[in-house]
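> With the sequence up front, the predicted model follows.
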Protein chains: 2
Amino acid sequence: MVDHTVTTRVADGLEPVSPERAAAEIPDDATLVLSGFGRAGYPKAVPLALAESGRDLSLTVISGGSVGDEVDTALVEADAVARRFPFQATAAARSAINEGRVAFHDRHISRLGDEVAFGHYGTPDVALVEAVAVGDDWLVPTTSIGHTPTYVASAERLVVEVNHAQPLSLQHLHDVYDRGMPPTRPPIPLSNPGERIGSPHIAFDPDKLLAVVETDRPDAPYSFREPTAVDRRIADNLVSFLARELEESPTFEEALNLQFGVGSLGNALMGAFADADFGDRVVSYYGEVIQDGLLDMLDAGRLENASAASLALSAEGQRRLFADLEGYAERVVVRNADVSNNPTLIDRFGVVGVNSALEVDLYGHVNSTHLGGTHVVNGIGGSGDFTRTSTLSVIALGSTAKNGTIPRIVPMVPHVDHTEHDVNVVVTEQGVADLRGCSPRERAARLVDHCAHPDYRADLNAYLDRAAEGSGNVPHDLDTAFDWQRG
Amino acid sequence: MVDHTVTTRVADGLEPVSPERAAAEIPDDATLVLSGFGRAGYPKAVPLALAESGRDLSLTVISGGSVGDEVDTALVEADAVARRFPFQATAAARSAINEGRVAFHDRHISRLGDEVAFGHYGTPDVALVEAVAVGDDWLVPTTSIGHTPTYVASAERLVVEVNHAQPLSLQHLHDVYDRGMPPTRPPIPLSNPGERIGSPHIAFDPDKLLAVVETDRPDAPYSFREPTAVDRRIADNLVSFLARELEESPTFEEALNLQFGVGSLGNALMGAFADADFGDRVVSYYGEVIQDGLLDMLDAGRLENASAASLALSAEGQRRLFADLEGYAERVVVRNADVSNNPTLIDRFGVVGVNSALEVDLYGHVNSTHLGGTHVVNGIGGSGDFTRTSTLSVIALGSTAKNGTIPRIVPMVPHVDHTEHDVNVVVTEQGVADLRGCSPRERAARLVDHCAHPDYRADLNAYLDRAAEGSGNVPHDLDTAFDWQRG
C-alpha cells in the first residue's frame, strides 16, 4: 500500500496484457463483480472483449450501480448475461430483463456491498475494476468508488483495467473507507459531508491479480435533457417549500445537507438550487452521485462540500471537473457507496432527500421502478436509502406523463418501492403536499388538492368516494384501484 | 440530576395531586405525548381521569408504542381522542380508526422520536409519563423507555405518574441515552447489545413540571396464546434454516444477535429457541420488546444479553422478572426506542430479524398492517426498522388464516409495508423460501413451492401463468391480482 500521491499508471513489474487475453481467463459461467456507479468508472475493454469473443457465455454481472453500453448493451446483445444485479440503464438490458431473458433484481445500494460480501450471490469469481493506477497490492479507482472495495475483497481473482483517459488526479477526490464487519462493525467516524476518513487506494491480496489491461476509452458521458417548463415549476415549488421549512425548523438552522436523485429532473433541481438563497447556513450535498447541476452549485459558491459515490457528468461536466481536479478536491469527496448512502449518516447529517418516481398513490406509496407494476425501468438505486432515512424525504415528479395523457398521482400504485411510512412530502408542478402528521384520508386530500393535475382531480375524488363506502384506515376500492393502469 | 440509586419515590418538596386535579390542567384539544411501549410503562391514572371527566375532549395522543386500555379503550370510548399515533392494539381504537372517527397513521418506531422532536405533530402540550420515582429535575421510567426521553424534552409541560406497583429496582435495567440532534448527531458508541452508555434517569426542566400523581395500578399483563401446532412447525423450520445458515456464514461465526417481533408467534419462536443449540457462539437479543420467551432463553442459559425498549410480559413473566430484577439487570438492558431500533446498530450488530406479517405476495412484498389493504390491525411498529436493515431479515407466518380458509401467500398484497428489496427469507409451517440473490420469477417459484399451503399452489401457479402472458420483470395480471381479497 502506498501512502503518497501516485504518479505511475502501472507499477514496475506488472505486465499488462490485451483485453482479449484477460477475457480468456474468465470462465464461461463466471460471476463478475464490476466497478462502476452512475455510469462512471466501469470496466470497458474486457467486457467488450468478452462480448466479441464468440464464446457461449452465461455470466452473472453485478455492478455497483449503472454502467455503460460496453456492459449493458454489448454483453447483453451478445447473449452473454444470464443474471444481472442491482441496476441497469440501457434499452438492451431493460428489454432482456422484461422479456425474462436475463434474471434481475434491483437492490438497495446501501445494502448491496454486504449482500455480496455475505454470499447472497455466491462467491464472485472475478472482480473487473477500472483504475487510474495499479501497484502490486493496491489500485486507485477512477470516476466512481461505488462498491469496488467490497467487490475486490470478495472476489477470488482481480482484473484491473488501467484507463489512460481518466486523469491520475482523480485520486485526490477519493476516500476509501473500510466499514469492518458485523457483529463488531464500528461506528463510522464521519462528522460532516466534506471530511475524509480513509485512503485514495483500494488494497488487495497480490495473489488475486489475474491480469492488468490498459485502455483509453472514456466514460460514456451522461446526457441530461434541458430542463422543461414542468421541471422548472417543480423546482420553484420545492425551493419555496424548503425556504419556509428552513425558516420554521431549528433542525436546519446551521446547516442544510441535500441529496438529489440521479437523472434529468434531479439534475434540473440542482441547477435551480444554484440560484436559491439559503441565508448564512452551510449548504452541503450528501448524496450518491455528483451531477452537472452540483458543479453549478459549487461554482456559484452555494455549496460548501459535495459527497457521493460517483461522478455522473455530461461531457461538458467532465471537462469542467477534469480541468481543475485538485481545486474541486478541496470540496468534492468520492466515497464507497455503503458510506455515501449509509442510513446512519443520512440520519446524523439530517439530510433533505429529494428523489423522483414514476407514480405516487393517494396515500403516499411510491412506485419508482416498475411501469404498470411489471416492467422495470432502471432500478431502485439509492432512492430507498435516502427516502427511508432522510430527516425530510421529498418525492418530486410531474403530475402527468406523456403530454398529460397519463396521470402520475394514482389511486393505488401497482408496485411499491417506498411506503407511506417513509414519504414526508410530495412535490409536483401543481404544488406541494406536506404529508407529515397526517392520517391516510388527510394525505389523500392533500395529494389530490395540491399535487394531482386538475384534469384528474374529479376522477381521484370519485375513487375516494367509492373507497369510503368500504371504510378502513386506508380506504380503497380494490375493484377499480388499478383501472388507470389496466387502461 | 442524581447519579446514584434512587430510594425515594417522590422527592421532598414535590406535592402529589389527585389524577383529577392533574387532568383538569390539560387543555381540551391538547396534544399529549405518552410514555409506554409494548403495553408497558404507560400512564394510567390521568388518562382514566380524563376519560371520566365528562369534558368534551379532542385530544391528539402520541405514545411510544402500544399502551393499555386506560388510554386506547377508556379514552377512545369517551370519544376524547381525535388523533392517534403511531400504534394501537385495542378493539376500541381499531374500530374508531377504521371507521374514520380517529385520525391515525402508523409510523416507524425508530423515526418517531425525531418526528415529534422535529414538530411533525406540532409542539406537544403535555408529556404524561409513568415513573418509579421523580425528583425536581429527573424521573426514572418504569417498564419501558420507548420515546419518553424525547417526549419529555419536546413537550411544554410534564405530568408524572409515580406508580407504586412498579418496583423501584426497575431503575437497574435502564439505559437512557441522548442521541443529540442533526446535523451534528454523533455516532452511537454502543459496541454490543449488553452494554450501557447512558443513565437510568430522564432529566427535565423543572419549570415544565405541571403535576405529580401517585397510583398503584399495574401494567395490564400481556396475554400470549399457547403455541399452536402451526407455530411449532414454523419454529422448527426457522431453527433448522438458521442452523444451516450459521454453519455456512462466517458473519455469525462468533456471535448471533437475534430480534423477534412482538406477539404470540414471536413469543412462541423465542420459546422454541430456548431449546435450540447454537454451539459456542455468543447469542444475544437486540430487539424492541422483552417477552416471556426471552426470559425462558435467559433462564436456560441460551442468551448472553437482551436489549429492548420495553418489558412486554405476561403476569407470570412480570412475577419472574420482578422477583430478581437486580439479577436480570446484569443481562437485560431497557433502552430508548431510537437506540433499540436504530438502523445503524441493527446493521453493525448483524441482527437476524424475525417478524410476522398478515400476508406475503409472490415477489416478497409484505403486508403487516392492513387487512384487505384497508383495515388497520395494529401498526407497523418496529417491523420496518428490523426488516429493512437486518443482516438476515426473515418474515414468519402461517401459510393460511382462519382454519385454512384464507391463504396468506397471495398474488399481490393490497398494502405494502416491507418491499421486495427488504425481505430475505420467508418461513411458514410448510417450509422456507430463501429469496436472496433471486430474480422476481425465482422468488415466486420458491414462495409457491416452499411456503404456500398445498391447497392454494395450483391457483398461485395459474396466476403466474396468466401474469407471464404480459411479460415484465415482475409479472402480474392486474385484472385478477386482488381476486382473493375481493372475495
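Thanks, I have the structure now. Residues are numbered from 1 along each chain as shown, chains lettered A, B, ... in the order given.

> tell me the contacts of A:Thr7?
With contact set as C-beta atoms under 8 Å, 6 or more residues apart in numbering or on different chains, A:Thr7 has these partners: A:Leu168. No exception for glycine: its C-beta is placed from N, CA and C like everyone else's.

> how far away is it from chain B?
36 Å (C-beta to the nearest C-beta, to the nearest Å).

> Now do the phi/psi pair for that residue.
Main-chain torsions, A:Thr7, degrees, to the nearest 10: phi -120, psi -10.

> Just give me the longest helix of chain A.
When chain A is parsed with DSSP state H, its longest helix is helix A:229-248.

> what is the mean pLDDT for that one?
Helix A:229-248 carries an average pLDDT of 94.

> check contacts around the nearest residue to A:Pro187 once chain neighbours are set aside.
Spatial nearest neighbour of A:Pro187, chain neighbours left out: B:Pro187 (3.1 Å); criterion: C-beta to C-beta, 6 or more residues apart in numbering or on different chains. Going by C-beta under 8 Å, 6+ apart, B:Pro187 touches A:Pro187, A:Ile188, A:Pro189, A:Thr344, A:Arg348, B:Thr344.

> Could you look up the SS state of B:Pro187?
coil (DSSP: H, G, I helix; E, B strand; the rest coil).

> Quick check, pLDDT for it.
Reported pLDDT for B:Pro187: 97.

> Now it. Its backbone dihedrals?
The phi/psi pair for B:Pro187 (degrees, to the nearest 10) is phi -60, psi 150.

> Could you check how far it is from B:Ile197?
As judged by C-beta to C-beta, to the nearest Å, B:Pro187 and B:Ile197 stand 11 Å apart.

> do A:Asp280 as well
Separation of A:Asp280 from B:Ile197 (C-beta to C-beta): 34 Å.

> Neighbour count: those two, which is higher?
Higher neighbour count among A:Asp280 and B:Ile197: B:Ile197, with 15 against 6, using other C-beta atoms under 10 Å in any protein chain shown.

> which residues does the spatially closest residue to A:Ala433 that is not a sequence neighbour contact?
Among residues not flanking A:Ala433 along the chain, A:Arg446 sits closest, at 4.0 Å (C-beta to C-beta, 6+ apart). The contact partners of A:Arg446, by C-beta under 8 Å, 6+ apart, come to A:Ala433, A:Asp434, A:Leu435, A:Cys438.

> Thought A:Thr123 was touching A:Thr60, still the case?
No - with contacts counted by C-beta atoms under 8 Å, A:Thr60 stays clear of A:Thr123, the gap being 11.2 Å.

> how many other residues sit next to the residue of the stretch 51-200 of chain A found nearest chain B?
Closest contact between the stretch 51-200 of chain A and chain B, by C-beta to the nearest C-beta, is at A:Pro182 (2.6 Å). A:Pro182 has 20 neighbours, counted by other C-beta under 10 Å.

> Spell out which residues sit in contact with the residue lying closest to it once chain neighbours are set aside, please.
Distance criterion C-beta to C-beta, 6+ apart; nearest residue to A:Pro182, sequence neighbours excluded, is B:Gly350 at 2.6 Å. B:Gly350 is in contact with A:Met181, A:Pro182, A:Pro183, A:Arg185, B:Thr251, B:Phe252, B:Ala255, B:Asn257, B:Thr391, counting by C-beta under 8 Å, 6+ apart.

> let's see 10 Å
Each residue near B:Gly350 by C-beta atoms under 10 Å, 6 or more residues apart in numbering or on different chains is listed here: A:114, A:118, A:181-185, B:249, B:251-252, B:254-257, B:286, B:390-392.
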